[in-house]
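Colleague: model the structure of this input:
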Amino acid sequence: MKTTKKSKEKLIIIFWIFVMLIIWQLAATIGGISSLLLPSIGDVAAALTDSFLHGDLAYQLYYSLRVILIGIVIAILSAILLAFAAQKSMIMSGLVKVLSAIGHPLPALALLPLIIVWFGTGDASIIAIIVHSALWPILINLNSGFQAVPQIYLDIGRNLELSPLEIAYEIKLKASLPYLISGVKIAFARSWRALIGAEMVFGAIGLKGGIGWYIFKQRTFMNTSGLFAGIIVVILVGLLIERILFDSIEKRTVLKWGQSKI
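Modeller: Residues are numbered from 1 along each chain as shown. Below is the predicted model:
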């Protein structure tokens, strides 16, 4: 029943994608709209292919994904340490709550001037922006997961004479896995947006810059087809990671083990 429902949902999504593509193509070809404002799907596809085969788009996409992976890994490790610290001490718990209340609603791009002063305009600045974007949703979700672990699980762990470290890993962290995955999903979406914006502001970071720099260059040279191509790549990468990577992780862990948010 669930499989049939999911299949229908996928078909509906595909249907609406085709409808939007048809409207786009009709508007570009017979709608009287200039190609500088709205290029045809064929022109965008050609620009996308040329940028991958003969341009730097493949490297720029790799660069952006590499940097965002580094930032999210740092954010995950930092969130786990802070969440465990908050469980051990009332003082640390208060500190984590204050930091989360300050940092979570603060846009990463608002910190750009300060980050430039602290880290310059290299990779470290981009990573700092990603860590700021990713840390707070992961920390808040993980902290909620720790608080939701039933006390009886912890009592059983103590009765089995598990060490505090074993209780933290085997019980708290594993029981909070659905919360952690949800936090990482939110963190990726926030980090992906912040990364693109930061690359546009900073310019060509690294050897040839990232996907944000690619989009900025297309706008500078009024290459609207290339601009749309870059935007489509950003959308596709976000969808693929959201729908394939995270769904696969959930199927292999949370759903396979019969876990859900407590």
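Colleague: please make it C-alpha for all contacts and neighbour counts, starting now.
Modeller: Will do.
Colleague: so residue 106, which of the three states?
Modeller: Using DSSP: H, G, I helix; E, B strand; the rest coil, the structure places residue 106 in coil.
Colleague: tell me how many other residues crowd it.
Modeller: By the criterion of other C-alpha atoms under 10 Å, residue 106 has 14 neighbours.
Colleague: do residue 53 as well
Modeller: Residue 53 has 11 neighbours, counted by other C-alpha under 10 Å.
Colleague: how close does it get to residue 59?
Modeller: For residue 53, the distance to residue 59 equals 11 Å [C-alpha to C-alpha, to the nearest Å].
Colleague: next one: residue 112
Modeller: Relative to residue 59, residue 112 is positioned 25 Å away (C-alpha to C-alpha).
Colleague: so between these two, which is more surrounded?
Modeller: Using other C-alpha under 10 Å as the criterion, residue 112 and residue 59 rank with residue 112 on top: 19 against 16.
Colleague: distance from the chain centre to the helix or strand hosting the more buried one, please.
Modeller: Remark: residue 112 resides in helix 112-119, with elements defined by DSSP states H and E. In this view, helix 112-119 has its centroid 22 Å away from the chain centroid, taken as C-alpha atoms, centre = their mean, to the nearest Å.
Colleague: who's in contact with that helix?
Modeller: Contacts with helix 112-119, where a contact means C-alpha atoms under 8 Å, 6 or more residues apart in numbering, come from 125, 128, 129, 198.
Colleague: which of those count as buried?
Modeller: Of the members of the contacts of helix 112-119, the ones counted as buried by neighbours, 16 or more other C-alpha atoms under 10 Å, are 125, 128, 129, 198.
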